[in-house]
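Chemist: sequence first, then the predicted structure:
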Amino acid sequence: MNKKLKVILSFFFFVAFCFYCFNTKNIKAQGQVLQASNGCETRGVWLNPSAFKDKTTRKNTLERIKKANINTIFVLSPPVEENKGHSTPESFSALLNEAKNAGLSAHGWITGLYRVSGKLSDFRDPSEQEAQKQWALDLLSTYPKLDGVHLDYIRFKDKGPIEEAKVNGVSKTVQKIYQAIKTTYPNKFLTAAVKPLNQACADWNSEYIPPWYQEWFSNNPNNRWSNCTWCSDKRGVPGQFKFQQDAESWVLGNSIDHIIPMAYETNDSYWKGGITILKSFFSGKSEAIYGGIGWYTEDHFKDPGHVVRKIKAARSEGIKGFVIFEFGKSDNDFQLINALTINSALNNNNAPYKNVVPSCLAANSMPSPSPIACPEDVNQDGNINIQDSLAILSNWGTCSGCKEDINSSGSVDVQDLLQLLSKWGSC
């Protein structure tokens, strides 16, 4: 049988088998949550100094991160100038270098409220706002391999009546940091961990209620805070307001790249409901929302299943970023790694991180991977043939970042098969 005839027969076999796979895959996929959509998805983890304190620890932590198909790290930074740090310059630099060599996006994590040892930051003070801005710039200048700065504790310490000067002081600080970074380092990012959308009471007559929230509340009368029975007039507010933190205004005012509401909340419906509400706040800017997910707390580990469920719930809402607290505490991390990357009953046979995808928080200045000369040569053996076709058919369906997704559409489908057939032969 000559080569041309083989190709023709193979083509008809492929088409028939293609329809078979397509139908069976559709049946199996019903009820499953899709993998990451086409393009990037930020899969982050917070790292405390204990996760990278020495060479052995760094090696173990980075191995776990890569096994989990995580692509972004938020690393607690060392002291810079007069600004307080929690890690050592040596361990931070070593981790940064090794993480970048491993292809990870890395962000310096700073705790704004505790900038100076023994003193709480007063964000109402213009000089403090300038110092916070300079802190971020100095961090990026000292460690140029960083992809951005991550803010934490960018709020007042204790709950209290919502005060306009305090809320505006925090917001002004974030705005100044953002503008300075984008002016000096336009390709780098500013992100912030923020308080979750839990319920809190406020005196709407005497306390400062942000105007945007008053308007939203009026337009959405049956909302999470409209019937707080324990509040004097039954009108509640997001709990972050009581810490003088109005993160939504940062997004609405284009003063932040992404906010990451963080809570150790195990109620899946409550967590998903928060994402829905945040999306309603932002009117078309929901790409700024990332999901913060608690895995480890000081006294125990969470069920890895709840991490998977939260990722899937947020992804179903169109969210493209998730950050887990935290890795490097114990071998219990492997329970989570398996839940994220290996199909099992725990993740409904649909592991959310089973494929590698690029981070949305990688600075544009980072070198791009070299393009593959012949993407149709799926197995890169120098020939486009039946082996490549079978690889496509075996991975049919939604699959972002897969090499079988030749045209990078987010799905392995008939278009990929036709592109392969059009390039049949040596490559």
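Modeler: Perfect, thanks for sending it. Small disclaimer: the values here were computed from a predicted structure and weren't measured.

Chemist: Ala200 contacts Gly239, doesn't it?
Modeler: Yes. With contact defined as Cβ atoms under 8 Å, Ala200 reaches Gly239; the gap is 4.2 Å. Any C-beta I mention is one placed from the backbone N, CA and C, and that applies to glycine too.

Chemist: need the contact list for the closest residue to Lys53 other than its chain neighbours.
Modeler: The shortest distance from Lys53 to any non-neighbouring residue, by Cβ to Cβ, 6 or more residues apart in numbering, is to Ser91 (5.7 Å). Ser91 sits next to 49, 52-54, 58, 78 when contact means Cβ atoms under 8 Å, 6 or more residues apart in numbering.

Chemist: strands of the stretch 1-150 of the chain, residue ranges please.
Modeler: Per DSSP state E, counting those that start in this stretch, the stretch 1-150 of the chain carries strands over the ranges 42-47, 72-76, 105-111, 148-152.

Chemist: so can I have CSV of these showing mean neighbour count and mean pLDDT?
Modeler: As requested, the strands of the stretch 1-150 of the chain are arranged in CSV below (neighbours: other Cβ atoms under 10 Å; pLDDT from 0 to 100):
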stretch, mean neighbour count, mean pLDDT
strand 42-47, 27, 97
strand 72-76, 26, 98
strand 105-111, 25, 98
strand 148-152, 26, 98
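
Chemist: out of those, flag the one nearest Ile324.
Modeler: Of all these, strand 42-47 sits nearest to Ile324, with 4.9 Å by Cβ to Cβ.

Chemist: now the angle from the closest one to strand 148-152?
Modeler: 60 degrees (axes from the mean of the first three to the mean of the last three Cα atoms, to 10 degrees).

Chemist: ok, and the closest non-adjacent residue to Val251?
Modeler: Excluding its sequence neighbours, the residue lying closest to Val251 (Cβ to Cβ, 6+ apart) is Ala288, at 4.6 Å.

Chemist: isn't that neighbour up against Pro261?
Modeler: No. If you go by Cβ under 8 Å, Ala288 and Pro261 don't touch, sitting 11.1 Å apart.

Chemist: neighbour-wise, which of those two wins?
Modeler: Pro261 (23 against 20; other Cβ atoms under 10 Å).

Chemist: for the stretch 201-350 of the chain, what spans make up the strands?
Modeler: Per DSSP E, counting those that start in this stretch, the stretch 201-350 of the chain carries strands over the ranges 236-238, 258-263, 291-294, 321-325.

Chemist: who's in contact with the first one?
Modeler: Which is strand 236-238. For strand 236-238, the external contacting residues (Cβ under 8 Å, 6+ apart) are 162, 195, 197-202, 209, 213, 224-226, 228, 248.

Chemist: which ones are touching the residue nearest to Val251?
Modeler: By Cβ under 8 Å, 6+ apart, the contact list for Ala288 reads 251, 256-259, 282.

Chemist: pLDDT score for the spatially most central residue of the chain?
Modeler: The residue lying closest to the centre of the chain (Cα atoms, centre = their mean) is Gly321, at 2.6 Å. Predicted confidence (pLDDT) for Gly321: 96.

Chemist: likewise Leu336?
Modeler: Looking at Leu336, its pLDDT reads 91.

Chemist: contacting residues around it?
Modeler: Leu336 neighbours (Cβ under 8 Å, 6+ apart): 68, 295, 304, 307, 324.

Chemist: now for the second one, how many residues are close by?
Modeler: Neighbour count for Trp295, taken as other Cβ under 10 Å: 22.

Chemist: sweet, I'm off.
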